[in-house]
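Enquirer: how would this look folded up:
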Amino acid sequence: MNKKTPCLIKAVTKNLLLGFIVQFLLLTTLMAIDTKAQAKSIDEIFIKLTKKEIPIKEVFSSVETRTRYVFVYPDDLLHQENTISLKGERQSVYDLLADIAKDANLKFKQVNNAIYVGKASGGEGL
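Expert: Numbers count the residues shown, from 1 in each chain. Model (predicted):
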């Protein structure tokens with residue numbers, strides 16, 4: 001065998017080992033980065049509705065246009081005369097829905113960007 005062959009094998013092995021170590025460190029750093037892949041929760045999004053007396057359907061429509069949330073409910077659940085008294089201040093979507101749940105006897109459930117609305121039985125709320 002040639003005298004250069006063991007030195008060449010040693011150099012290649014050393015470079016491969018160094019390459020694996022660098023890749024490992026970079027992948028470890030990459031996987032440790034905090035990402036925001038999940039949708040924001042309703043208590044992290046704030047909106048302000050200026051009207052004091054407003055129909056619940058209009059509240060849902062306003063929240064849908066200002067956020068990524070979509071309200072899902074049966075057609076017969078809400079009527080035009082169902083209105084809610086709002087504070088008129090900036091508040092989270094969660095607090096807004098908590099007020100509606102208390103006043104209109106409704107319950108809400110968030111699944112991703114959909115908020116399901118139903119009739120509350122008893123003291124249920126959010």
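Enquirer: quick one: buried residues of stretch 44-61?
Expert: For stretch 44-61, burial by neighbour count (16 or more other C-beta atoms under 10 Å) applies to 45, 49, 54-57, 59-60. All C-beta atoms are positioned from the backbone trio N, CA, C, and that covers glycine.
Enquirer: out of these, which sit inside helices?
Expert: 56-57, 59-60 (DSSP state H).
Enquirer: rewinding a little: any chance of the buried residues of stretch 44-61 in TSV, with distance to residue 76 too?
Expert: Shown next, in TSV, are the buried residues of stretch 44-61 (distance: C-beta to C-beta, whole Å):
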residue	distance to residue 76
45	28
49	25
54	20
55	15
56	14
57	13
59	18
60	15
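Enquirer: could you give the mean pLDDT of stretch 78-93?
Expert: Here stretch 78-93 scores 79 as its mean pLDDT.
Enquirer: please apply the same query to stretch 117-126.
Expert: 71.
Enquirer: repeat for stretch 5-23
Expert: 87.
Enquirer: got the CA coordinates for it in PDB?
Expert: Extracted in PDB, the C-alpha atoms of stretch 5-23 (Å, rounded to 0.1, in the frame of the first residue of the first chain):
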ATOM      1  CA  THR A   5      -3.300   6.300   1.600                       C
ATOM      2  CA  PRO A   6      -3.500   6.100   5.500                       C
ATOM      3  CA  CYS A   7      -2.900   9.800   5.700                       C
ATOM      4  CA  LEU A   8      -5.600  10.500   3.100                       C
ATOM      5  CA  ILE A   9      -8.100   8.200   5.000                       C
ATOM      6  CA  LYS A  10      -7.300  10.000   8.300                       C
ATOM      7  CA  ALA A  11      -7.800  13.400   6.700                       C
ATOM      8  CA  VAL A  12     -11.100  12.400   5.100                       C
ATOM      9  CA  THR A  13     -12.400  10.900   8.400                       C
ATOM     10  CA  LYS A  14     -11.400  14.000  10.300                       C
ATOM     11  CA  ASN A  15     -13.200  16.300   7.800                       C
ATOM     12  CA  LEU A  16     -16.400  14.000   7.900                       C
ATOM     13  CA  LEU A  17     -16.400  14.000  11.700                       C
ATOM     14  CA  LEU A  18     -16.000  17.800  11.700                       C
ATOM     15  CA  GLY A  19     -18.900  18.100   9.200                       C
ATOM     16  CA  PHE A  20     -21.200  15.900  11.400                       C
ATOM     17  CA  ILE A  21     -20.400  18.000  14.500                       C
ATOM     18  CA  VAL A  22     -21.200  21.300  12.700                       C
ATOM     19  CA  GLN A  23     -24.500  19.800  11.300                       C
END
